[in-house]
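Participant: okay, here's the prediction I keep looking at, along with the sequence it came from:
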There are 2 protein chains.
Amino acid sequence: MPADHLNGRREVTVSDVAAAAKVSKATAARVLGGYGAASEAVRDRVQAAAEELGYRPNALAKTMTTGRSNSIGIIVGDIENPFFAQATRGAADVAKAAGYDLILLNSDEHADAEENAVSVLLAKRVDGILVAPASTTDPSTLRAAVERGRPLVLFDRIADGLDVDAVVADNRAGARRLTDLLLEAGHRRVAFVSTIVHEGDYRVGDRLGSSSVGDRVTGFVEALEVAGIPDPARFVRLNARRDGVDAIVRGLVDEGITAIVASDSLIAQAAFRTLRELGIPIPTAVSLVAFDDADWTSLSAPAITVMAQPIHEIGAEAARLLIRRIAGDGSPHENVVLPQRLIERESIAPPPD
Amino acid sequence: MPADHLNGRREVTVSDVAAAAKVSKATAARVLGGYGAASEAVRDRVQAAAEELGYRPNALAKTMTTGRSNSIGIIVGDIENPFFAQATRGAADVAKAAGYDLILLNSDEHADAEENAVSVLLAKRVDGILVAPASTTDPSTLRAAVERGRPLVLFDRIADGLDVDAVVADNRAGARRLTDLLLEAGHRRVAFVSTIVHEGDYRVGDRLGSSSVGDRVTGFVEALEVAGIPDPARFVRLNARRDGVDAIVRGLVDEGITAIVASDSLIAQAAFRTLRELGIPIPTAVSLVAFDDADWTSLSAPAITVMAQPIHEIGAEAARLLIRRIAGDGSPHENVVLPQRLIERESIAPPPD
DNA sequence: AAACGCGCTGAGACCGGTCTCAATCTACGC
DNA sequence: GCGTAGATTGAGACCGGTCTCAGCGCGTTT
């Protein structure tokens, strides 16, 4: 007994409506589907029958023949992360306006979960996929989609060697600017902290797992280089998830660092907490800046100077691009780079003497 | 040309694999679908052919015959709202473990968007629906799903007259406790602020659009009544979205209110900002408490005393319940009520003399 | 040796739509 | 009055799976 959840009530189909309206299945399908032509009288009769029987179209059957599912898949690291939640909302709004729905999958930034997500989406015949790739350097997990010709648009980070569209923020410029602010305030010992996984100490030129973090590191290093600070790479601290932001911040303080650039607001939050626990005042003892205008950054004391990203727009633009591709736009793949915006608050001060 | 996005490459089907393996379509389907029996030799040949051709099952076709889509719909107010993001994650994890995916829809707490969302989900033949109903008092938008016998589980709020399962937090007890805390500190003039839409001034017994807010108001009023404060209803301020939290808070301050219970963390945030702008110190001049342990509440100065909800668990439990229903559990509908947890911080002080 | 059971396989219907194509009907032009 | 374009309708194939049922080969039972 297929398709009848509980009570034996089978879903009413076009055939049922057709029978009730005394027309052929084809005709009923035409008026119900709104595609062919039908006389006024027949149209009314069919519509009345449909109403009467409580007809609801089966979108899956439609997809079977048309090949279009009107749904797009979105793979995020973690929907609980405000960044992804906002980007998802941006994408959802654009998608909805164009008649698409979203199938949401969390990858937890894990390659196998991502690969599995792609499989699922391909099986469900989504019209296209939006994904914040777990790995910039090894996007093999996404290859299945590309090979099958399914439109794919990346957001937040790019993927090496994958010829697809991407929408990212200008992280390099943002990091540069944020770091410059610290430098201008007189800091010479400023650290960059990220949770990204990386083998061994960071060295200039190393390719990181996420292009957005990679670009931030690059911007950070550039700023230090321009300021004439020797060996900037030593100030880059990765693997904060493994080692703990808390431990890293404590280490940094011991080393006499006077300012910290947090790679995202979650790290900034942890750093803020640690500094407070340590009784180290921000910004008088240590300055702190971060990416993303998370709500707490304007509520904390002191409020945090941040580089805001157009998160909503990143998701929206990625969706727009994807929908264009689904519609058949065959122009060369684009790499959309959106500007970030500095919000200066109270977390920067000159370094203590 | 159905189902061939771009390049003429058609998807490979069971028939293709069958032909390549020189067996019938039925046999190929059996080994690929893993249901019937097949000899060792045939199994290997089919699998090899599938591998060779790059066969990917079409989940939709499967759904057509089995009637099971392995996807469940989730309708939230706004995925950008941390509450919904967390609940969604909780649901997603449980769903994934059971082999289901999530189709996400935002209702913006709007009846017509919600109705539309239900339509879409029904059309896509989801196996069940999770929804935070936009309206507790008029859940007619959800009736379509219930009538069709699609399993439906509500979360965060219940719906009047709808015989379905629901998972909510114990808002009444939570509000009671939060208010008692204020009362115990000596407050007599404490207000409750919510964004919920309500016609005219609140009067005891009024049924609100959201049962969770309704329960909070009830708990709040009870606490005041027990404390012997006359006409508690006058301290309930609704419609904060329309009127602006800012304006309401200013009005409250003018009226000499000494403590505020914010119905959610977004309201608390706005109230916090307004009080700060007004130069009114928390908690010495006005005490402030709220629902939800949003990240900023522990980072702000002062940190906010909150009633935390098991948000993740609300989503997870709702998903568990839904999956049980999908599996055919026909036991009476449940109303799961999860306890809230008080987190005392620094935003309560005795009222100023 | 006939009957039976069982494992394996294939033919073909079915799910609920869309779509092509042919048949029929109508109305218009000359 | 007749030919024909155009509108309307119906029959049936098709999408890609699942599933029922019958047929076949072969070892076992009696």
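Facilitator: Received the coordinates, thanks.
Participant: can you list the low-confidence ranges for chain A?
Facilitator: Low-confidence segments of chain A (pLDDT under 70): A:1-9.
Participant: would you map the strands across the stretch 101-250 of chain A?
Facilitator: Remark: strands assigned in the stretch 101-250 of chain A by DSSP state E, counting those that start in this stretch are A:101-106, A:128-131, A:152-155, A:165-169, A:190-193, A:236-237.
Participant: helices or strands up against the fifth one?
Facilitator: So that's strand A:190-193. Under the contact criterion of 3 or more CB pairs under 8 Å, 6 or more residues apart in numbering or on different chains; DSSP states H and E, strand A:190-193 touches helix A:171-184, helix A:211-226, strand A:236-237, helix A:245-254, strand A:259-262. Just so you know, the C-beta spots here come from the backbone N, C-alpha and C atoms, and that holds for glycine as well.
Participant: what lines up beside the last one in the sheet?
Facilitator: Read that as strand A:259-262. As defined by DSSP bridges, the strand partners of strand A:259-262 come to strand A:190-193 (parallel), strand A:287-291 (parallel).
Participant: got the contact list for it?
Facilitator: A:175, A:178-179, A:182, A:185, A:187, A:189-193, A:216, A:220, A:249, A:252, A:268, A:271, A:286-291, A:348, A:351 (CB atoms under 8 Å, 6 or more residues apart in numbering or on different chains).
Participant: mind redoing it with 7 Å?
Facilitator: Residues outside strand A:259-262 that contact it (CB atoms under 7 Å, 6 or more residues apart in numbering or on different chains): A:175, A:178-179, A:182, A:187, A:190-193, A:220, A:252, A:268, A:271, A:286-290, A:351.
Participant: go on, the third one?
Facilitator: Contacts of strand A:236-237 with the rest of the structure, by CB under 7 Å, 6+ apart, involve A:191-193, A:202, A:217, A:248.
Participant: could you identify the most distant pair in the residues you listed?
Facilitator: A:217 and A:248 (14.9 Å; CB to CB).
Participant: more crowded one of the two?
Facilitator: residue A:217 (29 against 23; other CB atoms under 10 Å in any protein chain shown).
Participant: now that one: how far from DNA strand C?
Facilitator: Distance, residue A:217 to DNA strand C, by CB to the nearest atom of the strand, to the nearest Å: 50 Å.
Participant: swap in residue A:262?
Facilitator: For residue A:262 relative to DNA strand C (CB to the nearest atom of the strand), the value is 51 Å.
Participant: domain map for chain A?
Facilitator: Per automatic domain parsing, the structural domains of chain A span A:14-57, A:69-168+A:311-338, A:171-309.
Participant: would TSV of those domains with distance to residue B:276 be doable?
Facilitator: Output for those, formatted as TSV (distance: least, CB to CB, whole Å):
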stretch	distance to residue B:276
domain A:14-57	52
domain A:69-168+A:311-338	22
domain A:171-309	9
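Participant: wait, what's in contact with residue A:110?
Facilitator: Counting by CB under 7 Å, 6+ apart, residue A:110 touches residue A:134.
Participant: would you list the phi and psi of it?
Facilitator: For residue A:110, the backbone dihedrals (degrees, to the nearest 10) come out as phi -110, psi 130.
Participant: try residue A:73
Facilitator: Note on residue A:73: backbone dihedrals following degrees, to the nearest 10 are phi -90, psi 140.
Participant: that one: neighbour count?
Facilitator: Using other CB under 10 Å, residue A:73 is surrounded by 26 other residues.
Participant: can you check the one 10 residues further on too?
Facilitator: A count of neighbours around residue A:83, defined by other CB under 10 Å, yields 22.
Participant: and it, what helix or strand is that in?
Facilitator: helix A:82-97 (DSSP states H and E).
Participant: list the contacts for the residue in the stretch 101-250 of chain A positioned nearest to chain B?
Facilitator: As assessed by CB to the nearest CB, chain B sits closest to residue A:123 within the stretch 101-250 of chain A, at 4.0 Å. Counting by CB under 7 Å, 6+ apart, residue A:123 touches B:56-59.
Participant: please identify the most buried of the helices and strands packed on strand A:190-193.
Facilitator: Scoring these by mean neighbour count under mean count of other CB atoms under 10 Å in any protein chain shown gives strand A:259-262 as the most buried, with a mean of 29.
Participant: of all the strands of the stretch 101-250 of chain A, which lies closest to residue B:232?
Facilitator: Taking the strands of the stretch 101-250 of chain A one by one with CB to CB, strand A:101-106 is closest: 42.0 Å.
Participant: for that closest one, which positions count as buried?
Facilitator: Under the neighbour-count criterion of 16 or more other CB atoms under 10 Å in any protein chain shown, strand A:101-106 has A:101-106 buried.
Participant: how far away is the residue lying closest to residue A:159 once chain neighbours are set aside from residue A:215?
Facilitator: Excluding its sequence neighbours, the residue lying closest to residue A:159 (CB to CB, 6 or more residues apart in numbering or on different chains) is residue A:139, at 3.6 Å. Separation of residue A:139 from residue A:215 (CB to CB, to the nearest Å): 16 Å.
Participant: how many neighbours does residue A:296 have?
Facilitator: 22.
Participant: tell me how far the residue nearest to it when sequence neighbours are not counted lies from residue B:29.
Facilitator: Using CB to CB, 6+ apart and skipping the chain neighbours, the partner closest in space to residue A:296 is residue B:296 (3.5 Å). According to CB to CB, residue B:296 stands 55 Å off from residue B:29.
Participant: got it, and residue A:17?
Facilitator: 31 Å.
Participant: next one: residue A:261
Facilitator: Counting by CB to CB, the gap from residue A:261 to residue B:29 is 57 Å.
Participant: ok, residue A:164 - contacts?
Facilitator: Contacts of residue A:164 (CB under 7 Å, 6+ apart): A:146, A:152-154, A:333.
Participant: ok, of the residues you listed, which come out buried?
Facilitator: A:146, A:152-154.
Participant: nearest to DNA strand C, out of these: which one, please.
Facilitator: Nearest to DNA strand C out of these is residue A:152 (CB to the nearest atom of the strand; 24.5 Å).
Participant: and that closest one, what does it touch?
Facilitator: Residues in contact with residue A:152 (CB under 7 Å, 6+ apart) are A:128-129, A:131, A:142, A:145-146, A:164.
Participant: for residue A:130, same thing?
Facilitator: With CB under 7 Å, 6+ apart, residue A:130 has these contacts: A:72-74, A:91, A:153, A:155, A:318-319, A:322.
Participant: let me see the contact set for the closest residue to DNA strand D within the stretch 151-300 of chain A.
Facilitator: Closest residue of the stretch 151-300 of chain A to DNA strand D, CB to the nearest atom of the strand: residue A:151 (18.0 Å). Contacts for residue A:151 (CB under 7 Å, 6+ apart) come out as A:128, A:322, A:325-326, B:5.
Participant: quick revisit: quick one: which of residue A:17 and residue B:29 has more around it?
Facilitator: residue A:17 (27 against 20).
Participant: who are the neighbours in contact with that one?
Facilitator: Residues counted as contacts of residue A:17 (CB under 7 Å, 6+ apart) are A:28, A:32, A:46, A:49-50, A:53, A:55.
Participant: turn these into JSON lines, columns for neighbour count.
Facilitator: Converted to JSON lines, the contacts of residue A:17 look like this (neighbours: other CB atoms under 10 Å in any protein chain shown):
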{"residue": "A:28", "neighbour count": "28"}
{"residue": "A:32", "neighbour count": "21"}
{"residue": "A:46", "neighbour count": "25"}
{"residue": "A:49", "neighbour count": "22"}
{"residue": "A:50", "neighbour count": "22"}
{"residue": "A:53", "neighbour count": "15"}
{"residue": "A:55", "neighbour count": "20"}
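Participant: residue A:225: which of these is nearest?
Facilitator: Proximity of those to residue A:225 (CB to CB) peaks at residue A:32, which lies at 66.1 Å.
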